[in-house]
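Whatever this is, show me its structure:
(one chain, ligands or ions: 1)
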Amino acid sequence: MNKIIKINNVSKEKIIKNVNLSISNGECISIMGNSGAGKTTLANIISGLEKPTSGNVLFDGVDIVQLKEPNLTKFRSIAISYIFQDYKLIEYLNVEQNIKFIEKNNKSYIDEKKYNKLINDLGLTKIEKKTVSQLSGGQKQRVAIARAMIGESKVIIADEPTAALDMVNKKIVLNELKKLTKANNKTLIIITHDPEVALKCDRILIVSNGSISDEFSTNYVSYNEIENILIKNYKNENNA
Ligand SMILES: Nc1ncnc2c1ncn2[C@@H]1O[C@H](COP(=O)(O)OP(=O)(O)OP(=O)(O)O)[C@@H](O)[C@H]1O
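Modelled structure (predicted):
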């Protein structure tokens, strides 16, 4: 499989230490680790939101560390979509307006066929004209998924996408997210504390003290093994 992202010897102050990482096109990867381990900083470096102090970040062969404004912002808005724990939708706009908002800023037209399929797949058809303030948490996250899918971005970064949801909504949202990323040929990076969420991906990276301490295919690791590594890392991190 082609590599969509290649990170070579990336460090940032004392937060990220000499990380090397390759992510294949279409792969689902989860970044796990205890609080303060460096997950968000690593994801921000991957997406160009933060610059490393050394190393390079190749996105489809382009070193985004070298990109300057306004090209960096343009790259980020076209290449990457985000899904957040707190949804980051526009409260006073309705479901349809939220889904189309970013794509309208990037392009002069919206693919209506794709839009209709997405809202149908995500069960949003009946609530299309409701404003965000009228929606439940699970509905809001399904809107955020549709917003991330509608454009041409090759990579989706989901930061704790299910942390605010109950058990049933967590399962629904995760299944839809995985199904739609595959169907739309996107690469998915999920940052999570939750082994159950991470086990839905193809591969799990565990970050500790700014380095990748462990890496597994999800075919070969269990919930308990992940939990034990996180506990072991927690002890090391707090005694370091
Ligand atoms: N702008 C900054 N300046 C200095 N230190 C920072 C900055 N941002 C993050 N840090 C520190 O870097 C470390 C990693 O932070 P990061 O947010 O990447 O961790 P995380 O694994 O995502 O944690 P959490 O799960 O709590 O969100 C922490 O010790 C944090 O205090």
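
Could you use CA atoms for every contact and neighbour count after this?
Noted.

residues in the chain within reach of the ligand, list them.
With the criterion set to CA under 6 Å from any ligand atom, the chain comes near the ligand through 15, 33-41.

give me that answer again for 8 Å
Residues of the chain lying close to the ligand (CA under 8 Å from any ligand atom) are 14-16, 32-42, 192-193, 207, 209-210.

if I pick the residue most central in space within the chain, what's in contact with it?
Compute the mean C-alpha point of the chain, and by CA atoms, centre = their mean the closest residue is I157, 1.7 Å away. Each residue near I157 by CA atoms under 8 Å, 6 or more residues apart in numbering is listed here: 43, 80-83, 188-191.

Assumed it was part of a strand.
Yes - counting by DSSP: H, G, I helix; E, B strand; the rest coil, I157 is part of a strand.

and it, what pLDDT?
Looking at I157, its pLDDT stands at 95.

One more: N219?
On the pLDDT scale, N219 is placed at 94.

So it lies in a helix, does it not?
Yes - looking at N219 with three-state DSSP, it is inside a helix.

Identify the residue spatially nearest to it, adjacent ones excluded.
Among residues not flanking N219 along the chain, D202 sits closest, at 7.8 Å (CA to CA, 6 or more residues apart in numbering).

again with Q141
Nearest non-adjacent residue to Q141 (CA to CA, 6+ apart): Y87, at 5.9 Å.

SS state for the one you found?
Applying three-state DSSP: Y87 is coil.

Now do the contacts for it.
Per CA under 8 Å, 6+ apart, neighbours of Y87: 140-141, 144.

how about a cut-off of 10 Å?
Contact analysis of Y87 by CA atoms under 10 Å, 6 or more residues apart in numbering lists 137-138, 140-145, 159, 161-162, 164.

L21 now?
Applying CA under 10 Å, 6+ apart to L21 gives the contacts 5-10, 57, 205, 212.

Mind checking which of those are buried?
In these, burial by neighbour count holds for 5-8, 10, 57, 205, 212, counting by 16 or more other CA atoms under 10 Å.

Filter the residues you listed down to just the ones in strands.
5-8, 10, 57, 205, 212 (DSSP state E).

and the worst-scoring helix or strand of the chain on mean pLDDT, what does it pack onto?
For the chain, counting by mean pLDDT, DSSP states H and E, helix 95-106 ranks last in confidence among helices and strands (a mean of 86). Secondary-structure packing of helix 95-106 (3 or more CA pairs under 10 Å, 6 or more residues apart in numbering; DSSP states H and E): helix 71-79, helix 112-121, helix 137-150.

Next, give phi and psi for the residue lying closest to I119 once chain neighbours are set aside.
Nearest residue to I119, sequence neighbours excluded (CA to CA, 6+ apart): T125, at 5.5 Å. The phi/psi pair for T125 (degrees, to the nearest 10) reads phi -60, psi -40.

Among the buried ones among the contacts of L21, which pair sits farthest apart?
Greatest spatial distance among the buried ones among the contacts of L21 (CA to CA): V57 and L205, at 17.2 Å.

Where does pLDDT dip in the chain?
Scanning the chain with the threshold set as pLDDT under 70 gives 1, 108, 240.
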